[in-house]
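Q: sequence plus the predicted model coming up.
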Amino acid sequence: MSVLGKLDWSAIPIDQPIPLAAGGGAIALMLAALGWVTVKGHWPYLWREWITSVDHKRIGVMYVVLALAMLVRGFIDAIMMRTHQALTVGGGSGYLPPEHFNQIFSAHGTIMIFFGAMPFMVGLMNFVVPLQLGVRDVAFPRLNSTAFWLTASGALLVNLSLVLGEFARTGWLPYAPLSERSYSPGVGVDYYLWAVQIGGVGTLMAGINIVTTIVKTRAPGMGYLRMPMFCWTALCASMLIVAAFPILTATLTMLTLDRYLGFHFFTNAAGGSPMMFVNLIWAWGHPEVYILILPAFGVFSEVIATFSGKPLFGYRSMVAATLFITVVSFMVWLHHFFTMGAGANVNAAFGIATSIIAVGTGVKIYNWLFTMYGGRLRFPTPMLWSLGFLFTFIIGGMTGVLLAVPAADFILHNSLFLVAHFHNVIVSGTVFGAIAGYTFWFPKAFGFTLDERWGKRAFWLSLAGFVIVFGALYIAGLEGMTRRLQHVAVAQWGPLLYVSVAGVAVMIAGVAAQITQLVVSIRRRDALRDDTGDPWEGRSLEWATPSPPPAFNFATLPEVGGEEPYWRIKERAIASQQERSASDYEPITMPRRSATGFVTAFFATVIGFAMVWQIWWLAALGLVCAYGAFVAFAWRDENEDTFSAEEVARIERARRGAAA
Amino acid sequence: MSAAEAQEDPYVLGRGRGGADAAGEGRGGDDARPSGRGEGGPAPKRTVVGYGFWIYLLSDIILFAGFFAAYAVLSGDLAGGPGPQELFEQRRLALETAALLISSFTCGLAGIAAGRGAMLRTQGWLLVTGLLGAVFLGLEVQEFATLVAEGAGPQRSAFLSAFFALVGLHGLHIAAGLLWAGTMMAQLAVKGFRPAIERRLMCFALFWHALDIVWVGIFTVVYLLGLAG
Ligand code: HEM
Ligand SMILES: [Cu+2]
C-alpha cells in the first residue's frame, strides 16, 4: 500500500456528474465564503470572538448555524430522492443510479439526525440553559467549545465524502452484515463510522456539560422545581445522552473492529451475531429519538406559556411526564425489530411498553392545551410553529402507537408508513420545535426580532408542504410501498408519489421563505431592534438580561425566591438589578477564550480522515499532535479574564440607558 | 477547601455584596458552602469538576457495559476454536489482579499525600502507581501475544473477538491512565500544587479506582466464570 493508504485519483468521482457537481458546488461555496472573510479582513475577529470563544451563547449560536447549514444539505438529498422516485414510475430510470441513490438516503438520514437535528437541540440548550438558570456560563466552557468543534469535525467528514470517495450505502444505521467489509468494501461505511464517532464524542461531552451545569450551577434559590420547563427537558435529554451515547460508541467500535481488524462481532462467519448489532444500535437509537424530541417539548412549553400569558399548566405533572419518558425510553427498543422473531411474548411485552410511553406524551399535550385555555393568546411565529406541532404531532404519535402493535407492524415495518411516522414526529416535532426556539430566542441572541411576515409565510408553507408530502407517503405505505426503493415498479403508487413531489415543492418555498426571513430581518434590523431585552413579555430569567446579554450574562446573580415558577422571578431579577449603584458591583471572572476545542477537533478530523483512507502514519501523527496540543493547553496558567467592577457597572449603565 | 480557594472560584464571585440585600435561603455566614442543590447558588469549582467527572465515569461504565453485553452474548460462540479453559492462565491472572489492586491503594496514598501538600511523597506514590499499572499492562500484552501466537487471536472466533475487545478496552484505559499520570507528574514537578492540578489529581484517582472496579467485573465475568466453565 502506498503512503496515502487507499487514497488515489480514483477517489474523485469524475465519472459521476451529480456528486461531482454537488461537491464542486459545495467547495466553491466554501471557498467563496472563506475568500469573502479574507478580503473583508474578518479573520482576526472571527478567530477571537467566535472560533476560540468559550462563551456558551456564542457556542450555542455556532451550533445552530451548523445545524441550519446541515438541514439545508439534508433537504437537498430529500428533494433528489423524492423527484428521482417519481421519475421512475412507469418504467423511467430516473437520474440516480442505484449505488448513488443508496448513498443519498444514507447521507440524508445521517446528516439530518446527527448533524442537523442534534446540533440544533444542543445549540438551543447551550444558549438558553445558563441564562434560564441565572448563571454566567456552563460548567465546563472549554469542554463546551471542544464538543462543538468535534461535532463540526464529524459534519465536515461526512461532507468530504461527496468529493473524496463515497458515502455509506447502508442507511442511517449501518445494519450488519451489510456494513461489514465483505459486503461494503469501500470507504463509505468508514466515513460514516469515523464521522459519527467523532461527532458522538462531541455530543457526549455536551451532555455531560449540561447535566453538570443544571445539577451543580444554578442561581441561588433556583431549586429543581423552580427551573423553567426547558431546563428540565434539557436535563432529561442530556441524561439520555450520557446514558445512551456510550452504547452507540461501543456498537460502532465493534463494527470498526470487524471492518479493520477482522473481528467477528457481527459477521455471518465464526459465530458473529448480526442480530446483536440490531439490538445494540436500537438500545441507543430509541433513547436517541427522545433526545431529539424532549428539548423540543421544552421549547413548546416555554413558547406556549409565554404567548398564553399564563404559567405552564400542570408544571409538576409535566416534569413527571418528562422523567417518565426518560426512563421508559430505555425499555422499548425492540419495537424497531418486531419482525426479527423474538417470539410472541417478547413482542407483546415491548408492544405494551411502547404504547405506554405515549401516555407521557399525552399528558404533555393536555398540559399545553390547558395552558392555552383561558389565556390571553397571542400568535407570533414561534406560537404558530408550536400550534402546528400540536396538531400534526398527535397524528405522528398515534401512528407510532399503531406501529407498536406487533401484528400490525409485521405489515407496516419498513414501509413508507413507517417513514411517514418518524418524519411526522421528527419534522413536525423536533424541527418545528427547533424553528420555534430559533425565532423565539433569536432576539435574545442578536438584539432584534425576526421579520414576522416572512416568518408566517415560512410557517404556513412548511406546514402545508409537510402535510402533503407525508400524507401521501402514509397512504403509499398502507398500499404496500416499501422504503428505500430506487425503482418504483407499481404504477398504482405513481399518483401518490407525484403528490408528494408537489408537497416537496411547497416545502422548498417554505425553506426559501425561512431564508428570506433571515435576510430581510438583518436588512431591517434597525426597525426590528429590541432594546428592552424582553420582546415577548417572557416569563423566565433569560428575559431579565439585555439582548444580546453581556459576556457575563448577569452583573449580579439573581436571587430566586417564591414558588411560582419564573414570572415573578424575572420581575424580581429585573427590579433588583436596577436598584444597584455602581459601587455595588464586583469584578467578574470569566473563562478566557481558548483554541483548545478548535485544535483538538482539527486533529480529530485528521485522524478520522487518515483512518478512513487507512493512512496509518498520518493517524499516528494526528494522535501524537493531539496529545501534544492537550498538554500545551493543560500547561496554561492563566485561564480567566476579569471584568473590573467599573466595567461591569459601565455595561449595565449602557444597558439601562438603552432600555430607558 | 480553603477560603482562599473559594475566592478564586469564578462561579462564586459576584455573589458577595451584590446579592447581600436579599438574604438568600440556605446562606449563613461568610463561609457557608453552597450545597449545589439549588439553595446556595453555583457549587464551588472542585465540586463541579468532581461531579462532571463522575458523570463521565458513568458514561464510561456504560461503554464497558456494552462490551460486557457483547461478551455475554458471544462467549459461547467458539466456532470450533479454543475456549476459556484452554486459554486462560491463572498465575498471570493473579499477578495482574494483585498489581492493579495494589496500584489502586498506592493511588489513594498519593491522594492523601497531595492533600497534605507533600510533594515528594505524592510523586513517589504516583510513580509506584504508574509502575504497577505498567506491570499490569505488560502482563496483559504478554497474554495477548501468547494467545495470538497460539492461533487464538481475535479473528479466530466471536468469543475471542469479544474477549480481546473487552479486555483490550480496559487495557487501553490503563494505558491512557499511565500517560495521564506521567503528564501530571511532570506538571506537578514544574508547577507545584495548584488548585487546577489538585482537581486533576482528584479526577485521576476517580478514574483509576473506576478501572479497578471494571477489572473486578472482567475478572469475575470473563476469567472466573470462564475457568469455571
Ligand atoms: C407516541 C410515541 C411513539 C411511538 C408509540 C412510536 C413507535 C414506533 C415504532 C413501533 C417504530 C418501529 C416501526 C417499524 O420499524 O416497523 C418506530 C420507528 C421510529 N420512530 Fe417512533 N414512536 C413514537 C414516537 C417517536 C418520536 C417522538 C420520534 C422522534 C423524535 C420517533 C422516531 C422514530 C424513528 C426515527 C423510527 C424509525 C427509524 C428507522 O427505522 O430508520 N418516534 N416508532
Ligand atoms: Cu423507537
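A: Good, I have the coordinates. Residues are numbered from 1 along each chain as shown, chains lettered A, B, ... in the order given. Ligands and ions are numbered 1, 2, ... in the order given.
Q: for stretch A:359-379, buried residues please.
A: Of all the residues in stretch A:359-379, those buried under the rule 16 or more other Cβ atoms under 10 Å in any protein chain shown are A:360-361, A:363-365, A:367-368, A:371-372, A:375. For the C-beta atoms, the positions are set from N, CA and C on the backbone; glycine is no exception.
Q: and ligand 1, which of the residues you listed reach it?
A: The residues of these that also fall near ligand 1, by Cβ under 6 Å from any ligand atom, are A:Thr361.
Q: residue numbers of the stretch 151-300 of chain A in contact with ligand 1?
A: With Cβ under 6 Å from any ligand atom as the criterion, the stretch 151-300 of chain A comes near ligand 1 at residues A:289, A:292-293.
Q: which among the residues you listed end up buried?
A: Buried, going by 16+ other Cβ under 10 Å: A:289, A:292-293, out of those.
Q: in helices, which of these appear?
A: Mapping those onto helices (DSSP state H) picks out A:289, A:292-293.
Q: A:Pro274 and A:Pro406, how far apart?
A: Going from A:Pro274 to A:Pro406 by Cβ to Cβ, to the nearest Å gives 21 Å.
Q: same for the longest helix belonging to chain B, what does it pack against?
A: Determined from DSSP H, the single longest helix within chain B is helix B:158-191. Counting contacts by 3 or more Cβ pairs under 8 Å, 6 or more residues apart in numbering or on different chains; DSSP states H and E, helix B:158-191 packs against helix A:229-261, helix A:616-634, helix B:45-74, helix B:119-149, helix B:195-218.
Q: buried stuff in that helix?
A: For helix B:158-191, using 16+ other Cβ under 10 Å, the buried residues are B:158-171, B:173-174, B:177-178, B:180-181, B:183-185, B:187-188.
Q: and stretch B:78-95, by the same measure?
A: B:78-79, B:81-84, B:87-88, B:93.
Q: could you find the closest non-adjacent residue to the residue positioned nearest the centre of chain B?
A: Centroid check for chain B by Cα atoms, centre = their mean gives B:Phe207 as the closest residue, at 1.9 Å. Once flanking residues are discounted, B:Phe207 sits nearest to B:Gly177: 6.1 Å by Cβ to Cβ, 6 or more residues apart in numbering or on different chains.
Q: from what I can see the one you found touches B:Asp212, true?
A: No. If you go by Cβ atoms under 8 Å, B:Gly177 and B:Asp212 don't touch, sitting 10.6 Å apart.
Q: pick out the residue of chain B closest to ligand 1.
A: Using Cβ to the nearest ligand atom, the point where chain B gets nearest to ligand 1 is B:Gly66, with a distance of 20.5 Å.
Q: quick one, what contacts the closest residue to ligand 1 within the stretch 1-150 of chain A?
A: Ligand 1 sits closest to A:Gly109 of the stretch 1-150 of chain A, with a gap of 6.8 Å, by Cβ to the nearest ligand atom. Neighbour list for A:Gly109: A:171-173 [criterion: Cβ atoms under 8 Å, 6 or more residues apart in numbering or on different chains].
Q: try 7 Å
A: A:171-172 (Cβ atoms under 7 Å, 6 or more residues apart in numbering or on different chains).
Q: helix or strand for it, which one?
A: Element membership for A:Gly109, per DSSP states H and E: helix A:98-110.
Q: CA atoms of that helix as CSV?
A: The C-alpha trace of helix A:98-110 is given here as CSV (Å, rounded to 0.1, in the frame of the first residue of the first chain):
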residue,chain,number,x,y,z
PRO,A,98,-28.7,2.5,-7.5
GLU,A,99,-25.4,2.8,-5.7
HIS,A,100,-25.8,6.6,-5.7
PHE,A,101,-29.4,6.5,-4.6
ASN,A,102,-28.4,4.3,-1.6
GLN,A,103,-25.7,6.8,-0.7
ILE,A,104,-28.2,9.6,-0.7
PHE,A,105,-30.7,8.1,1.6
SER,A,106,-27.9,7.1,3.9
ALA,A,107,-26.3,10.5,3.9
HIS,A,108,-29.8,12.2,4.3
GLY,A,109,-30.6,10.3,7.5
THR,A,110,-27.1,10.6,8.9
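Q: may I see the buried residues of it?
A: A:100-110.
Q: could you work out the most separated pair of the buried residues of stretch B:78-95?
A: B:Ala79 and B:Leu93 (24.0 Å; Cβ to Cβ).
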